[in-house]
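[1] A predicted structure for the sequence below; I have some questions about it.
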Amino acid sequence: MQAERILIVEDEPVVALDLRQTLEEMGHQVEGIHSSVPSVLAAIEREQPSMVLMDIHLGGARDGVDAAQEIYQRWGLPVIYLTAFADDRTIERAAATKPFGYLLKPFQNKELAAVIQVAHTRHQTECALAASEARLAIAVEAAELGIWEWESQLDKLQGDERFNRMLGGALCHFHTHLHAFLARVHPDDRATVEQGLNQPGFFSCAFRALRDNGEQATLEMHGQLRPLPGGHREVIGAIRDITERVQMEEQLRQASVVFSTTAEGIMILDEQYRIRSVNPALSRLTEYRESELLGQLPDSLLLGSEARPPSYAAIAASSEGYWSGEVCARRRHGELFPSLQHICAVRDASGKVLQYVHTLADISAMREAERQLAHLAYHDALTGLGNRYLLNDTLESEIARAQRNERIFAVIFLDLDGFKSINDTVGHHVGDRVIQEIARRLTLQIRRQDTAVRLGGDEFVVVCPDLHHAEESLVIAQKLLKAMDEPVQIDTLRYNISVSIGVALYPEDGNNLNALLSAADSAMYEAKRQGKGRYCGYLPTIAARIRERLEIEQGLHAALAENQFELHYQPVVDLKRRCLIGFEALVRWRHPERGMIAPDQFIGIAEESGFIEPLGRWILNTAIAQAAAWQQAGAKGLLMAVNVSARQFNDEQLVDGIVTMLARHGLAARQLEIEVTESTVQEFHRSKRIVDTLRERGIAVALDDFGTGYSSLSLLKHLPINRVKIDRSFVIALPGTARDAGLISAIMQMANSLDLEVTAEGIETPEQAAFLNAVGCPAVQGYLFSRPAPASHFTTEWLCHYRESDSFQVNPAA
Ligand SMILES: Nc1nc2c(ncn2[C@@H]2O[C@@H]3COP(=O)(O)O[C@H]4[C@@H](O)[C@H](n5cnc6c(=O)[nH]c(N)nc65)O[C@@H]4COP(=O)(O)O[C@H]3[C@H]2O)c(=O)[nH]1
């Protein structure tokens, strides 16, 4: 028998002591004897007995039943009544306190021992049950389970509060009949639920049910059927609301389908920016296998060197936490492609970045489609040339560019002659092929920077930017005309096609789009009017100028071969001594039809076309030969100044060529002076090397047109030249204002201090000569003394006279 620690509540001391003795003899321990309710309650708190033996009749306001009630409620201790009362009222009150025993006095010790034994066992059972219930309650609570039971005999379905809540009811226990409950179950799931409720043993199923508010819930039901006597059944079970879980599972399933089937590449990166997961599309797009991507940094593998997204860290630190934009991506073998990328930082509840989701869509097809659309919008479908829109855009941008760079450009309008008759006689399909062939020929003729468009029908326009001079436009027009000479072969037939071409120039013929087009159009009509198959410029004067230039360029070779060039010589005079000191050689072209052509009209063209090289050699040779002839005729020591242009000057052969000529004709190097202009010697280092070589060979170098350029002074600093020739524009004004005079004086002073020779050009009046003499200018040339004239003009007598005389005052050629 288990020894109890017992508290005795008895107001009869003798009875109490007797009881104590009995209990102790039974082996129990008596913790105390109390005779009032407050005293026993205090003792329980203090002594913590395992059992109380309670008399009902106690002194005081409250009796033993009251005390037992409180003891059971507060501590759950087993209370055994020992009483002499057995009336119904007392027993009823005592029973309400769920006593562990009720012994009527007087009782046998054996009865007492049995009651104590039973009370002990019951108390143990109750304690174990309470603990088990507590554990179950915690499990039910943690699993958020609702509890329900159904009993078949009464058809009573009953659930707890949570069960009720799952179906959307108020906070009360759920009582209903099975059919009412099943009515809420989704028809498709009803059979499953019914089968569970009827099958013996444990069952579990999920089903959809309607809540009170009309929403659909998904519930998971577990239960166990217990057979009851009489063929009845009872099912007890638990139920859980899995609506959210099912929805999340559904979302996850969807996300997983999206992840694995979307065309967009997706990679998940860890916080160290290493790839942790990729979808099949990413492998497809980048041509990397999944295994090659996992663990890598996307930067090095998947991105081009340009147009990169911000760093992952920067995106995570940004207020949005994500970034999207167009980025150049790279495939496995290095191919770059445009991609739309989206990068998003994924954070935990505390805001810490856990992962990055980086998506990548290949938009090359889209860009290609855009490009094709743009091409279609700006190109002619039949020929592949540009269309009117492209022409407008091109003209607008070329006008802006030409304005900025002060350049000229041409708009060339072409219209096929008699095309309509081809269309009418052999049909449009042939016409179309003719147009295509014309377009092909156009494309072959134009330069890379030119734009050819078809305006529609048989009209074409070519825009030629960056022309150096207007003449180039006619060269192009002529080329285009020539390209159409060859008949167009379509199947077995050949068609002779000619075009009429109109040329307009920016800015001369128009400074806006419409003006230029209409000028080119008018010029084309003029070409038609003049007989078709030809080109016309818009402004007759410009056209004439252009044509003249072309004629000059084309006539230069014949001119040299046919001895049409000649040199004229202008005397250079010592102003103080009034005697001849030399000549400047000036070239002329005696044209068989146009008469005498001044050098200004052909030297520039010869320079641009490269013809200056043979012409320049001829000039140098002729001038040196002439100087040598005069020397031999008796006019000793005359200086021969010869102009040399830029291309000539930069020719590596120049110096050696001159030296050879001097030797051939027997002229001393000191008698030759090479005249260069500022523009000729722009490349300081190269020019200095050439000037140095000339000087080493004893040949003098003069800087012509001094003072007209921007860098005259810096040229003097860098180049070891001998002489400056003051430009005519300074002399014209003399003696003029104090400012004009001051300028010449300053040049003289500067020349003196740099030990430079000076020649002033273009002296036409005695006043100019007097002024220059007064400021100490040593040498002059100009109409006052002599116009340039052929060598024959300067006879031996003339030379000898003026070489020595001090009377060079008249203008012999005037
Ligand atoms: N109004 C006026 N003009 C005067 C007077 N005195 C001389 N002139 C003109 O001024 C020009 C002087 O030549 P430049 O400054 O070297 O300027 C030359 C030179 O730059 C170039 N040039 C002439 N001959 C040659 C040549 O053989 N080779 C090269 N490369 N250029 C040449 O052509 C330019 C023009 O030559 P030209 O027409 O011969 O014109 C010559 C000459 O006829 C005057 O008192 N009044």
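    Arrived safely. Numbers count the residues shown, from 1 in each chain.
[2] residue ranges of the strands in the stretch 201-350 of the chain, please?
    In the stretch 201-350 of the chain, the segments counted as strands under DSSP state E, counting those that start in this stretch are 201-210, 216-228, 232-241, 265-270, 275-278, 322-330, 336-347.
[3] would you turn those strands into CSV with distance to Asp160, mean pLDDT and mean neighbour count?
    C-beta here means a position set from N, CA and C on the backbone, and glycine is covered the same way. Below are the strands of the stretch 201-350 of the chain laid out as CSV (distance: least, Cβ to Cβ, whole Å; pLDDT from 0 to 100; neighbours: other Cβ atoms under 10 Å):
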stretch, distance to Asp160, mean pLDDT, mean neighbour count
strand 201-210, 16, 94, 16
strand 216-228, 14, 93, 17
strand 232-241, 9, 93, 18
strand 265-270, 43, 95, 20
strand 275-278, 43, 95, 20
strand 322-330, 46, 92, 17
strand 336-347, 39, 93, 18
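[4] Would you format those as a markdown table with distance to Leu575 included?
    Listed next are the strands of the stretch 201-350 of the chain as a markdown table, based on distance: least, Cβ to Cβ, whole Å:
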| stretch | distance to Leu575 |
| --- | --- |
| strand 201-210 | 121 |
| strand 216-228 | 118 |
| strand 232-241 | 121 |
| strand 265-270 | 88 |
| strand 275-278 | 90 |
| strand 322-330 | 74 |
| strand 336-347 | 74 |
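[5] Quick check: the closest residue to Ala217 other than its chain neighbours vs Ile315, distance?
    In this structure, Ala217 finds its nearest non-sequential neighbour in Thr243, 4.7 Å apart by Cβ to Cβ, 6 or more residues apart in numbering. From Thr243 across to Ile315, the span is 36 Å (Cβ to Cβ, to the nearest Å).
[6] tell me the contacts of the closest residue to Leu467 other than its chain neighbours?
    Leaving aside its chain neighbours, Leu467 sits nearest to Ile408 (5.1 Å; criterion: Cβ to Cβ, 6+ apart). Contact partners of Ile408, counting by Cβ atoms under 8 Å, 6 or more residues apart in numbering, are Ala402, Leu467, His469, Ala470, Leu505, Tyr506, Pro507, Glu508.
[7] In PyMOL, how would I select the buried members of the residues you listed?
    Applying 16 or more other Cβ atoms under 10 Å to the contacts of Ile408 leaves a buried subset, and the PyMOL line that selects it is:
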select buried, resi 402+467+470+505+506+507+508
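[8] mind putting the contacts of Ile408 in TSV, pLDDT included?
    Below are these laid out as TSV (pLDDT from 0 to 100):
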residue	pLDDT
Ala402	94
Leu467	91
His469	86
Ala470	85
Leu505	93
Tyr506	94
Pro507	92
Glu508	88
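[9] How about the backbone phi and psi for the most centrally placed residue in the chain?
    What sits nearest the mean C-alpha location of the chain, by Cα atoms, centre = their mean, is Ala307, with 5.0 Å. Torsion angles at Ala307 (phi, psi; degrees, to the nearest 10) stand at phi 50, psi 70.
[10] give me every residue that touches the closest residue to it other than its chain neighbours.
    Nearest residue to Ala307 in three dimensions, chain neighbours excluded: Cys328, at 4.6 Å (Cβ to Cβ, 6+ apart). Taking Cβ under 8 Å, 6+ apart, we find Cys328 in contact with Leu303, Gly304, Ser305, Glu306, Ala307, Arg308, Leu336, Phe337, Pro338, Ser339.
[11] Show me which residues of the protein sit near the ligand.
    570, 585-587, 598-600, 603, 619, 643-645, 675, 704-705, 728, 761-764, 781-783, 788 (Cβ under 6 Å from any ligand atom).
[12] Now the buried members of those residues.
    570, 585-587, 599, 603, 619, 643-645, 675, 704-705, 728, 761-764, 781-782, 788.
[13] Just the residues you listed: which are in strands?
    Gln570, Ala585, Leu586, Val587, Asn643, Glu675, Asp704, Asp705, Glu761, Gln781 (DSSP state E).
[14] what about the nearest residue to the first one once chain neighbours are set aside, distance to Leu667?
    Just to be clear, that refers to Gln570. Distances taken as Cβ to Cβ, 6+ apart put Pro788 closest to Gln570, at 4.0 Å, once the chain neighbours are dropped. Distance from Pro788 to Leu667, counting by Cβ to Cβ: 20 Å.
[15] Now do the SS call for Pro720.
    coil (DSSP: H, G, I helix; E, B strand; the rest coil).
[16] cool, the one 4 residues further on as well?
    With three-state DSSP as the basis, Val724 sits in strand.
[17] beta partners of it?
    On the basis of DSSP bridges, Val724 is bridged to Leu703, Val758.
[18] With Met640 instead?
    Phe583, Leu672.
[19] Which residues are in contact with it?
    So Met640 contacts Gly582, Phe583, Ala585, Ala623, Ile624, Gln626, Ala627, Leu667, Gln671, Leu672, Glu673 (Cβ under 8 Å, 6+ apart).
[20] just to revisit the earlier point, does the residue nearest to Ala217 really touch Thr218, like I thought?
    Yes. Using Cβ atoms under 8 Å, Thr243 is in contact with Thr218, at 4.7 Å.
[21] one step back: let's have the contacts of Ile408 in CSV, adding secondary structure.
    Shown next, in CSV, are those (three-state DSSP):
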residue, secondary structure
Ala402, helix
Leu467, strand
His469, coil
Ala470, coil
Leu505, strand
Tyr506, strand
Pro507, coil
Glu508, coil
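[22] quick one: which of the contacts of Ile408 is nearest the ligand?
    His469 (17.8 Å; Cβ to the nearest ligand atom).
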